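Engineer: sequence and predicted structure are below.
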Amino acid sequence: MSVTLAPKVDAGTRVPAAPRKHRYLVWAVVAAVLIVALTYALPPFRNYQLATVGAYLCVTAGLTVLTGLNGQLSLGHGALMATGAYTVAMVQEKLAGRGQWTLLVAVLAGIAVATVAGGIVGLAAARLRGPYLAGLTLAVAVVVPAIASTFDKTFNSDQGLSVYVDPPPLALGATFPYERWQAWLAWAGALLTVFLLATLVRGRFGRALRAVRDDEAAARIAGVNVARTQVLAFVVSAACAGLGGALFAVLAQSVSPGAFPISLSLFLVMAIVIGGLGSLAGAVWGAVLLVALPALTHSLTELIDVSPAVAQRLEGNLPLALFGITLIVVMLAAPGGIASLRLRRRKA
Amino acid sequence: MDRFVFLTFDGLSRGAVYAAFALALVLIWRATRIVNFAQGAMAVATAYVGYSVSAATGSYWLGFAVAVLGGLLLGAVTERVVMRLVDHSSHLNGVVVALGLVLVIQGVLGMIYGNEFRPAEAPFSREAFTVGGIALLSRFDLFVFGAVFLVVALLVVLFTRTSVGLRMRASAFAPDVSRLLGVNVGGMLTLGWALAAAVGSLAGMLVLPTELGLHPNAMDIVFVSSFTAAVVGGLDSAVGAVAGGLIVGLLLSYVSGYLGATVAPIAVLLLLVVVLLGRPGGLFSRSAARAV
Amino acid sequence: MTALLEAEQLTVGYGAAPVLHSVDLTVAQGSITAVLGANGAGKTTLLRTLSGLLRPATGRVVLDGQDLRGVKVEQMVRRGVAHVPEGRGVVTELTVDENLRLGGLWRRDRVDAKRALDEVYDLFEPLARRRRFPGHQLSGGERQMLALGRALVGRPRLLLLDEPSLGLAPKVTAQIMGLLRTLRDRTGLTVLLVEQNVRSALSVADTGIVMSLGRVVANADAATLRDDEDMRHAYLGF
């Protein structure tokens, strides 16, 4: 596997690990404080968008590890999100009304189920390369609505399931806005994910990931267990996708196959490519873009004077076309994506 | 038994379409080592244009011709404007760019035509003839068989009997040597993409009337089925693509018929997994090792 | 004798250590010129530059008085240049017949292209017996015949040959070298021959060019090179 698509953004390994880990912790705390402050400044709708960015960030960060650092392209992460989301819906239904703690259980269960699913796909993926893997994972993405319809007693076909979510804890005050609570939940997950991934990929595991991506044969000679590394990368990123999906279920308070179309999986790939493969900062860019671009086109369609029908068409499809064009242009002009552009400029 | 016979013919008819579509994927894969993930979207785009022309002129066949010729043009433009610029040092680059094309095409189609299903009429009756009380084939099925057979025959003649076909094969196998021998390799690539996209468009025109109709995403599942067909046959093998198409068509028909239509995509996924893990070079490859 | 091919100040690659460094050379019409030198001397790069596969950073190539800058690779064959690349360049997925036909596809004169094809079959009898065989089933010697024959179908004026003796038995090598001489005598073909096998190359060549580390270090009669003991020890290793 070559490196073109995935720029090497390698931090020096000579720096001792411990201070670095502390630095990530400091970053995470600072980010958490900023987010909390932000949620007090933003109106409810913006908080909901902020929460969505957080949920996306879980997924894009995990996908960055898989595709950017390990060179495995997955078009099926939307499906992995769906497993997490449906699990949350089912667990919450069983445990509804017993308190806030059930949400944690449900989300953990969602992560667990997605991890198992990702492990199965990963076992197959470790034996596949390039377009074969892309095709297999695409087939996984396509199968979501079929599974929901085939086992409609459990998943209720296209209608999907509703997700029970408790109101914000009373300790926060009776008038605490629901959207702010959602943003807190989503970003708690996102920051934890990014912190854990950042710590993970700076160490031995990260070096193994990159070694496998750059040259499998060389990695094998250097003593890296290639297949195990690839499966682990899939498992880790599946867990992140499961968390992201679980958070989506919590935010939307419902799950249905329509929420996890193929285009979602393509969006995720687009987000990490444009954000810049191989760096977690790129994953943040990507997550922001996933929410910001549709929002921008929405504002745009409101500005221009068109009939509601046309506006609706534009709103659903203009982001699609823009995402696609951006993806193509970025791939042709700068395979490293936005983050690599930034890096290059700094170096120059 | 009656049902089995009917499902077999139905499966072969579907399979013929998957075979054509898989053949188009194989054409491009052999020439450029890119799996054209945008092929489904491209076929839908030309089908929309074709049906628009049919609606405007009242002639199905004019629209049909426009769709296939549109595929030729779209394929050539895609290769010239986009794919030629892809950095081939990583497998991922071509796939990601093709995915970008999928988003662009589906977005543009949605903006122009909306995201409702539109009817895609068939040029012939889809009611099956019955022989001795057993429903066998419809006129449309016969049309599908005829069209796919014609395309396969034309491609075989083109590649084995003409000098253009020889140039195309040489360009795919050994681009540098071909250039030294005066072959316009870039032109052959463009031609290859154009032909493949036209075959894809034809397959689209043949399959859309049997599905729910026109929709920007209408070919997503067809693409996955055809990709599976191509992998079953070995991505490098044109004969394998045809055989793989028929196998996938039959599987889908039996599964839909006996277990329900919603199970079909799951069956395709399972087949893909089994083949990829068991024989990654395809069922018909001489050596399994050379595939990846 | 007039020069068919001239290279002036060819530099390929950049920086402190280019692959070719200010190479000048002249190939006379109707001559056989051997390019000699150790591995990594830049011989193959030189051929690839002469046939347009590589673009020089500076310098130019002149064929029969015409500057070849900006001429595309696929046009070179139309100007009479045939390049048989290292490793023989047989398209192994195609049959013997298809490989040979490929060599004449660019020609307008279909009748003569067919005639040239038949001549090649007369010249290389083993190929005539294996017309329908795919290239990967041929022996090393047969592949060399096929690559050479495919070049001849285009009736070139200048033949660029990269390591024709690589991996061949001495007897086969001698046959091929003898053939080059016959072709030159009969048709006036000009040959530029890159070889590791110095003895057999100098046995057939009129002129020898010795390269080392991307530069031309000697350019002399083949006979002179054969007899120059210092040269042989320093660069040619025998």
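Structural biologist: Happy to help now that I have it. Numbering: from 1, shown residues only, chains lettered A, B, ... in the order given.
Engineer: only the buried residues of stretch C:139-158, if you could.
Structural biologist: For stretch C:139-158, the neighbour count (16 or more other CB atoms under 10 Å in any protein chain shown) marks C:141-158 as buried. Every residue, glycine included, has its C-beta placed from N, CA and C.
Engineer: tell me the pLDDT of B:Ala172.
Structural biologist: In this prediction, B:Ala172 carries a pLDDT score of 90.
Engineer: re the thing from before, restrict the buried residues of stretch C:139-158 to contacts with chain A.
Structural biologist: Among these, proximity to chain A is found for none (CB under 8 Å from any CB of the partner chain).
Engineer: in helices only, show me the residues you listed.
Structural biologist: Within the buried residues of stretch C:139-158, residues falling in helices by DSSP state H are C:141-153.
Engineer: from those, pick the one nearest chain B.
Structural biologist: Closest to chain B out of those is C:Arg150 (7.2 Å), distances taken as CB to the nearest CB.
Engineer: quick check: which element contains the nearest residue to the closest one once chain neighbours are set aside?
Structural biologist: On the basis of CB to CB, 6 or more residues apart in numbering or on different chains, the spatially nearest residue to C:Arg150 that is not a chain neighbour turns out to be C:Gly103, at 3.7 Å. Taking DSSP states H and E as the definition, C:Gly103 sits inside helix C:96-104.
Engineer: what are the buried residues along the helix or strand harbouring B:Ala45?
Structural biologist: In this structure, B:Ala45 sits in helix B:39-57 according to DSSP H and E. Using 16+ other CB under 10 Å as the test for burial, helix B:39-57 gives B:39-54.
Engineer: so which elements touch that helix?
Structural biologist: For helix B:39-57, the helices and strands in contact under the criterion 3 or more CB pairs under 8 Å, 6 or more residues apart in numbering or on different chains; DSSP states H and E are helix B:2-32, helix B:60-77, helix B:91-113, helix B:185-207, helix B:220-233.
Engineer: and stretch A:315-323, does that touch chain B?
Structural biologist: Yes - residues of stretch A:315-323 contacting chain B under CB under 8 Å from any CB: A:316-323.
Engineer: now, among those residues, which is nearest to B:Ser90?
Structural biologist: A:Phe323 (20.9 Å; CB to CB).
Engineer: surely that closest one touches B:Leu103?
Structural biologist: Yes - using CB atoms under 8 Å, A:Phe323 is in contact with B:Leu103, at 5.1 Å.
Engineer: between these two, what contacts are shared?
Structural biologist: With CB atoms under 8 Å, 6 or more residues apart in numbering or on different chains applied, the overlap between the contact sets of A:Phe323 and B:Leu103 consists of A:266, A:270.
Engineer: excluding its backbone neighbours, what's nearest B:Gly245?
Structural biologist: In space, B:Gly245 comes closest to B:Ala19 once its chain neighbours are excluded; the distance is 2.7 Å by CB to CB, 6+ apart.
Engineer: can you pull the contacts of that neighbour?
Structural biologist: B:148, B:152, B:229, B:241-246, B:249.
Engineer: closest one of the residues you listed to A:Val116?
Structural biologist: Nearest member of the contacts of B:Ala19 to A:Val116, counting by CB to CB, is B:Ala229, at 29.6 Å.
Engineer: can you pull the pLDDT of that closest one?
Structural biologist: If you check B:Ala229, the pLDDT there is 94.
Engineer: returning to that earlier point: out of the helices and strands packed on helix B:39-57, which is the most enclosed?
Structural biologist: When these are scored by mean count of other CB atoms under 10 Å in any protein chain shown, the highest mean neighbour count falls to helix B:220-233 (a mean of 28).
Engineer: what helices and strands are in contact with that one?
Structural biologist: Using 3+ CB pairs under 8 Å, 6+ apart: helix B:220-233 touches helix A:130-150, helix B:2-32, helix B:39-57, helix B:185-207, helix B:238-259, helix B:264-278.
Engineer: so which bits of the stretch 101-250 of chain B are right by chain C?
Structural biologist: Within the stretch 101-250 of chain B, the positions near chain C by CB under 8 Å from any CB are B:163, B:166-167, B:169-170, B:173-174, B:176-185.
Engineer: after the helix holding C:Gly103, next one along is what?
Structural biologist: Reading on from helix C:96-104 to the C-terminus, the next helix or strand found by DSSP H and E is helix C:110-123.
Engineer: for A:Ala31, what are its contacts?
Structural biologist: By CB under 8 Å, 6+ apart, the contact set of A:Ala31 is A:Leu191.
Engineer: mind checking which helix or strand it is in?
Structural biologist: Per DSSP H and E, A:Ala31 falls inside helix A:17-41.
Engineer: quick one: mean pLDDT for that helix?
Structural biologist: Averaged across helix A:17-41, pLDDT comes to 83.
Engineer: may I see the buried residues of it?
Structural biologist: For helix A:17-41, the buried set under the neighbour-count rule, 16+ other CB under 10 Å, comprises A:20, A:24, A:28, A:31-32, A:35, A:39.
Engineer: cool, stretch C:168-181 as well?
Structural biologist: Across stretch C:168-181, burial judged by 16+ other CB under 10 Å covers C:168, C:172-173, C:176-177, C:179-181.
Engineer: which pair of those spans the longest distance?
Structural biologist: Checking the buried residues of stretch C:168-181 against each other with CB to CB, the farthest-apart pair comes out as C:Leu168 and C:Arg181, at 16.9 Å.
Engineer: and the ones in helices among the buried residues of stretch C:139-158, which is closest to A:Ala227?
Structural biologist: C:Arg143 (38.0 Å).
Engineer: any idea how far the closest one lies from C:Val91?
Structural biologist: Between C:Arg143 and C:Val91 the computed distance is 11 Å (CB to CB, to the nearest Å).
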